[in-house]
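Undergrad: need coordinates for the below:
(chains A and B)
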Amino acid sequence: MSFGELRIYNSLTRKKEIFEPLHAPHVGLYVCGPTVYSDVHLGNCRTFTMFDVVYRYLSFLGYKVRYVRNITDVGHLVGDADEGEDKIAKKAKLENLEPMEIVQRYTNGFHDVMKALNNISPSIEPTATGHIPEQISLVERIIENGYAYERNGSVYFDVEKYNQNYHYGKLSGRNIEEQLAGHRTLDAQEEKRQPVDFAIWKKANPEHIMRWHSPWGEGFPGWHLECSVMSMKYLGNEFDIHGGGLDLQFPHHECEIAQAVAGSGKDPVRYWMHSNMLTMNGTKMSKSLGNVIMPAELFEGTNALMSEAYSPMVLRFFMLQTHYRSTMDISDDALKAAKSGYLKLINALRTIRNMDYENTAEDIQINEKAVKDIQKSIDTIHKGLNDDFNTAVALSGIFNLVKKVNTLQLGQLLPAQLGKETFELLKHSLLRISEDVLGLQEETPNLSPLIDVVLDMYKQAKESKDYDKVDALRQEAKAIGIVFRDLKNGSIWAYEE
RNA sequence: GGUCACGUGGCCGAGUGGCUAGGCAAGGGUCUGCAAAACCUUUUACAGCGGUUCGAAUCCGCUCGUGACCUCCA
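TA: Numbering: from 1, shown residues only, chains lettered A, B, ... in the order given. Down below sits the predicted model:
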């Protein structure tokens, strides 16, 4: 089955381009992961969920995707670039922990959230600290090629030099000459030749906890180096897709390009993808602004702005309703609407999963309009996904199919009126796109309130000495691993041990 | 200040030169013991002002408004 051509908006060319992998059917996908010095917030979740859909859809199309998403466990610097502290080291000092304890704690938390959101684990999840030798080696190559210089144990990337031969700013659309001209006043203590230069290796101050030996003394790798090194190590000197949040476009990704080009002479990335920001009341959600909502707060309903708890799948559905290149604003009302929509979809998925094609009557006519509607909706879904992963359009097609499923359930439309082929296509498309591509799945409900109801029935049966019913209830409950226990002061239910 | 986005109906959000996006909410109807759900149906649009065009929400210009990046950020 052919699904048509996939087109991806490439930030580098600012155009949608037909996706052609370098080495089909293999696809290399690199996504900038989190810096693990604190819990991920909903904005982070949006980006990772979005690229999860990219990964899922590419896989659905039959590509063999190597999906690499790093863990940044050397903190970027806090505050003013040169005098700042490493975020992870700072947090470690603050909480009197080993930096790697901080890293482990928040990595675990990140994985838990990803799992709750049904994001598939990447093929490789490399860490920055696990690739120090490779980073040192890239620094050496950049120096050899004349695009970096050492000062007092730190190594800086020479942006002006690089820009003479290449184009620094090609990804973010910046004009470096203007930036150079606009910042002529250099600080006296400034080690850099130009303010636009950036550190690729940084000398560790005596109090700096995270430090490694290098040809330039004890230090730690620069802010953008890890992604350059790890993407090329695992995906090659040229690979297909590099993604991340829009706020990483500059300087992070611009610097990545510069480092790679300065090291190897070649820009490794063919398609750059950037997902837009999640906002609250129109303002970007970010750690530094403090206007963040944590996933746990949302899932548990403890956030002050939310009237109720919203499950991970509701959040995922909510995110998929917006195209990834648009900003999306989160609010209680919007999540409430998403919850209703999500449940409507899930109910339809349950319905169609349990429905089989049957044709008992002989004189049933094919309902041409229904068949055409279904084909059109499925077409919409694939067109949407192919058009730069437009999940919002795909969902519109899905909901048109949901309507058909509900009509089938009511018996207003019979499977036989669709014909076997269309019925199976409807069933298969709806389930596979919703579950495999969009990653929306049924969540196991909390059954406690329901068990309480049964417990009440049990208590009543006991009281009226209806022991047949008591035994029956016990047996039914036991079948799902629940037992009723008669204590002196009443009956309770518990998980069978 | 520089660069770049965006402004769609009650809300959220696609689309982008002529063809019903979708979800939520609201009104009416069908069904139902009553509900709920579902199905059918209706209402409310493209910030403002100009321009291009047979035709613009969609292209161009201006105005107003909002945001992002330029410093760590997904």
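
Undergrad: correct me if wrong: A:Arg46 contacts A:Met319.
TA: Yes - taking contacts as CB atoms under 8 Å, A:Arg46 lies within contact range of A:Met319: 5.4 Å. Glycine gets a C-beta too; all of them are placed from N, C-alpha and C.

Undergrad: find the residues that touch each one of the two.
TA: Taking CB atoms under 8 Å, 6 or more residues apart in numbering as the criterion, A:Arg46 and A:Met319 both touch A:Met328.

Undergrad: for A:Pro21, give me its contacts.
TA: Contact partners of A:Pro21, counting by CB under 8 Å, 6+ apart, are A:Val27, A:Tyr63, A:Asp240.

Undergrad: top of those residues by number of neighbours, please.
TA: Note: the member of these with the most neighbours is A:Asp240, at 26 neighbours, neighbours being other CB atoms under 10 Å.

Undergrad: element containing the residue in the stretch 301-450 of chain A that RNA strand B sits nearest to?
TA: Distances between the stretch 301-450 of chain A and RNA strand B by CB to the nearest atom of the strand are smallest at A:Gly341, namely 2.4 Å. Assigned by DSSP states H and E, A:Gly341 belongs to helix A:332-353.

Undergrad: repeat for A:Ala89
TA: Here A:Ala89 is covered by helix A:87-95, with elements defined by DSSP H and E.

Undergrad: report the rounded mean pLDDT for that helix.
TA: The average pLDDT for helix A:87-95 rounds to 84.

Undergrad: show me what it is packed against.
TA: The criterion is 3 or more CB pairs under 8 Å, 6 or more residues apart in numbering; DSSP states H and E, and the helices and strands that helix A:87-95 contacts are helix A:99-116.

Undergrad: hang on, the earlier thing: just give the closest residue to the residue of the stretch 301-450 of chain A closest to RNA strand B, not the sequence neighbours.
TA: The shortest distance from A:Gly341 to any residue that is not its chain neighbour, by CB to CB, 6 or more residues apart in numbering, is 6.5 Å, and that residue is A:Phe317.

Undergrad: helix or strand for A:Lys372, which one?
TA: Residue-wise, A:Lys372 maps onto helix A:368-386 under DSSP H and E.

Undergrad: what about that helix, near RNA strand B?
TA: Yes - contact of helix A:368-386 with RNA strand B (CB under 7 Å from any atom of the strand) involves A:Lys376, A:Thr380, A:Gly384.

Undergrad: swap in stretch A:396-403?
TA: Yes - part of stretch A:396-403 sits near RNA strand B under the criterion CB under 7 Å from any atom of the strand, namely A:Ser396, A:Phe399, A:Asn400, A:Val402, A:Lys403.

Undergrad: cool, and stretch A:268-287?
TA: Yes - remark: stretch A:268-287 sits within contact range of RNA strand B at A:Ser275, A:Met277, A:Leu278, A:Thr279, A:Gly282, A:Thr283, A:Lys284, A:Met285, A:Ser286, A:Lys287, by CB under 7 Å from any atom of the strand.
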